[in-house]
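Q: predicted structure and sequence below. I'll ask about it afterward.
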Amino acid sequence: MNLDKIRSDFPILKDVIYMDSASTSLTPQPVLDFMLDYYLQYNANVGRGVHRLSQMAQHRYSDAHKKVAGFIGAKEGDLIFTRNTTESINMVAQGLNWQPNNKIVTTLAEHHSNFLPWLRLRKQGLSLELIKPRQDGSFEISDFEKAIDPRTTLVALAHISNALGTKLPIREIAQICQEEGALLLVDAAQSVPHITLHVKELGCDFLCFSGHKMLGPKGTGVLWTRQKLQPLLVGGGMVEDVSANGFEPKGGYEGFEAGTPNISGGIGLGKAVDYLVKAGMQDIADHEARLAGRLVDGLEEIKGVEVYGPGNTRDRSGIVSFNVKGLMPHDVALMLDQVANIMVRSGHHCCIPLMRHMGLRDGTVRASLYLYNTTEEVDLLLETVEEMAKMA
């Protein structure tokens, strides 16, 4: 992985140190150029025209679906473009044929996007069982064995916690689901951009993730499903035939993408996949692991700093949450920006139930690393935090 070449594709890095990729990653110049090319060279709608511009747009858009499917090893099932992980999860929540006695299992550590849709289903008479993490954010596999039973219809889990970086043993949980006949939805927003992942090996039925966290444009997301769902939206472009008595939806992703889609966004997401593949997913994972290990070790050596999440770096991603004693998380984030041009996230990270469970009323400071971060940037963060801790 050529780090200097990669960093040259992100002009914004000349002015700032960006450590907020868990919220949204930066977008490299080649992806932006590829999207702009759509508007300049073949700006037309997909699936509705025989002229060459429409055919070119359709080819690039369909090709993007194939690229993303290949990226996650999806040789079967449907890969649908959405706006984000949130929409993908809601498509499952609204697309399954629920019965009043159905049970859903999830955890207290989920992002609100993988929490609120299941809370809302309680109004339909469904039951919801929440598994609580240990204080370091990790889980006991025995808790899943107890919670997932013959009544369980769906288990919905984040592969990697967006707040603590905790990695869940999805393959082991998938085995439990298969034994009990439960479906498994995986929120992979924080894993697909950072590690090699294949849906067959993972053993899930639904995989949801966002383009804007993997070098792609905003407003792009993915739902991969091996299960039959009812489409969330119906309308133009998604029907094979329609009459006064009903309609027949198209097969594949087109039956779920009603209306004019985000064509340039989908094409850009395909180009982002190209970029990640060229950089090398294993190289990216190794690079992030080295940086995260250095960051965690350095923070733990600073007096007055508390680091959250698993102590073993093998069980965490490049997401590192911490607090400085005597300082509010927002104040720390603001000072990092003003003093060292370092961009981090602060607050509850859309995980209010988890923060309450851990006794973190004001949340945490979260630094999240990606392929464009450097050792020097991590060291500057550590030096700046150490100075803050001394003054606090």
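A: Cool, got the structure. Numbers count the residues shown, from 1 in each chain.
Q: show me what contacts the closest residue to Y42 other than its chain neighbours?
A: Excluding its sequence neighbours, the residue lying closest to Y42 (Cβ to Cβ, 6 or more residues apart in numbering) is M56, at 4.2 Å. (C-beta placed from N, C-alpha, C; glycine too.) M56 sits next to 41-42, 44 when contact means Cβ atoms under 8 Å, 6 or more residues apart in numbering.
Q: surely M56 is in a helix?
A: Yes: assessed with DSSP: H, G, I helix; E, B strand; the rest coil, M56 lies in a helix.
Q: let me know the pLDDT of the residue sitting furthest away from the middle of the chain.
A: Distance to the chain centre peaks in the chain at A244, reaching 40.6 Å (criterion: Cα atoms, centre = their mean). pLDDT for A244: 93.
Q: tell me the spacing between it and G235.
A: 16 Å (Cβ to Cβ, to the nearest Å).
Q: same check, this time on I141
A: 44 Å.
Q: tell me if I'm right that I160 and S191 touch.
A: Yes: the pair I160 / S191 is scored as a contact, 4.8 Å apart, by Cβ atoms under 8 Å.
Q: those two: who's more crowded?
A: I160 (25 against 22; other Cβ atoms under 10 Å).
Q: measure stretch 363-379 end to end?
A: Terminal residues of stretch 363-379 lie 24 Å apart, using Cα to Cα, to the nearest Å.
Q: identify each buried residue in it, please.
A: By 16 or more other Cβ atoms under 10 Å, the buried positions in stretch 363-379 come out as 363-374, 377-378.
Q: in helices only, show me those.
A: 377-378 (DSSP state H).
Q: and the buried residues of stretch 363-379 as a markdown table, adding distance to F10 and pLDDT?
A: Below are the buried residues of stretch 363-379 laid out as a markdown table (distance: Cβ to Cβ, whole Å; pLDDT from 0 to 100):
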| residue | distance to F10 | pLDDT |
| --- | --- | --- |
| G363 | 27 | 97 |
| T364 | 26 | 98 |
| V365 | 23 | 98 |
| R366 | 20 | 98 |
| A367 | 17 | 98 |
| S368 | 15 | 98 |
| L369 | 14 | 98 |
| Y370 | 10 | 98 |
| L371 | 10 | 98 |
| Y372 | 6 | 98 |
| N373 | 11 | 98 |
| T374 | 12 | 98 |
| E377 | 13 | 98 |
| V378 | 17 | 98 |
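Q: so A182 sits against I148, correct?
A: Yes: the pair A182 and I148 passes the contact test of Cβ under 8 Å, sitting 5.7 Å apart.
Q: any residues in contact with both of these two?
A: If you check A182 and I148 against Cβ under 8 Å, 6+ apart, the residues they both contact are 105, 155, 176.
Q: re earlier: buried subset of the contacts of M56?
A: The neighbour count (16+ other Cβ under 10 Å) marks 42, 44 as buried among those.
Q: and which of the contacts of M56 is nearest Q338?
A: Among the contacts of M56, Q41 lies closest to Q338 (Cβ to Cβ), at 42.5 Å.
Q: mind pulling the model confidence for that closest one?
A: pLDDT, Q41: 96.
Q: got the contact list for R171?
A: Listed by Cβ under 8 Å, 6+ apart, the contact set of R171 reads 201-203.
Q: JSON lines for those, including neighbour count and pLDDT?
A: Compiled in JSON lines, these are given as follows (neighbours: other Cβ atoms under 10 Å; pLDDT from 0 to 100):
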{"residue": "E201", "neighbour count": "12", "pLDDT": "93"}
{"residue": "L202", "neighbour count": "20", "pLDDT": "95"}
{"residue": "G203", "neighbour count": "17", "pLDDT": "96"}
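Q: so which of those are in helices?
A: Short answer: the contacts of R171 in helices (DSSP H) are 201-202.
Q: of the contacts of R171, which is the nearest to H51?
A: Lowest distance from H51 to the contacts of R171 (Cβ to Cβ) belongs to L202, with 41.1 Å.
Q: from V192, how far out is the closest one?
A: Counting by Cβ to Cβ, the separation of L202 from V192 is 11 Å.
Q: cool, and L40?
A: 30 Å.
Q: of the two, who's got more company?
A: Per other Cβ under 10 Å, whichever of L40 and V192 has more neighbours is V192, with 28 against 9.
Q: could I get the contacts of R171 as CSV with distance to G280?
A: Formatted as CSV, the contacts of R171 follow (distance: Cβ to Cβ, whole Å):
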residue, distance to G280
E201, 19
L202, 20
G203, 25
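Q: ok, so of the contacts of R171, who is nearest L354?
A: The closest of the contacts of R171 to L354 turns out to be L202 (Cβ to Cβ; 22.8 Å).
Q: my understanding was that that closest one contacts S191; is that so?
A: No: with contact defined as Cβ under 8 Å, L202 does not count as touching S191 (9.3 Å).
Q: good, we can wrap up now.
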